[in-house]
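A.B. asks: the sequence isn't on hand, but the structure is:
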């Protein structure tokens, strides 16, 4: 069991539990961990002020993707303009 409780394993299970919309009980069963264990990991992660929470990491990732999407849309709009309007 120790090899399955790596930080990456914990992070992935918590991220899925917090963002998938699936019940935590199902997520815990899918990952082969106990429901109380998953809840404890999420609770501990939320209480640790020095470590960004899984949710805040997810929010940062979404913000980065939205920024990239906005930039790509602006570039696309520039490319759609006729050549005469670029002068």
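C.D. replies: Everything's here; your move. Every value quoted in this text rests on a predicted model; they were computed, and no experiment measured them.

A.B. asks: chain neighbours aside, what residue packs nearest to the spatially most central residue of the chain?
C.D. replies: When C-alpha atoms, centre = their mean is applied to the chain, the residue found nearest the centroid is residue 58 (3.1 Å). In this structure, residue 58 finds its nearest non-sequential neighbour in residue 19, 5.8 Å apart by C-beta to C-beta, 6 or more residues apart in numbering. C-beta coordinates here come from the backbone N, C-alpha and C atoms, glycine included.

A.B. asks: okay, now that neighbour: neighbour count?
C.D. replies: 12 (other C-beta atoms under 10 Å).

A.B. asks: residue ranges in the chain under the pLDDT threshold?
C.D. replies: 1-4, 51-55, 85-87 (pLDDT under 70).

A.B. asks: mind doing that once more with 50?
C.D. replies: 1-3 (pLDDT under 50).

A.B. asks: quick check: longest helix of it.
C.D. replies: helix 54-80 (DSSP state H).

A.B. asks: and that helix, how far out from the chain's middle?
C.D. replies: 14 Å (C-alpha atoms, centre = their mean, to the nearest Å).

A.B. asks: and it, what does it pack onto?
C.D. replies: The helices and strands touching helix 54-80, judged by 3 or more C-beta pairs under 8 Å, 6 or more residues apart in numbering; DSSP states H and E, are helix 7-19.

A.B. asks: chain center to the helix it packs on: distance?
C.D. replies: On the basis of C-alpha atoms, centre = their mean, helix 7-19 sits 9 Å off its chain's mean C-alpha point.

A.B. asks: distance of residue 32 relative to residue 69?
C.D. replies: Per C-beta to C-beta, to the nearest Å, residue 32 is found 35 Å from residue 69.

A.B. asks: make that residue 49, sorry
C.D. replies: Distance of residue 49 to residue 69, given as C-beta to C-beta: 31 Å.
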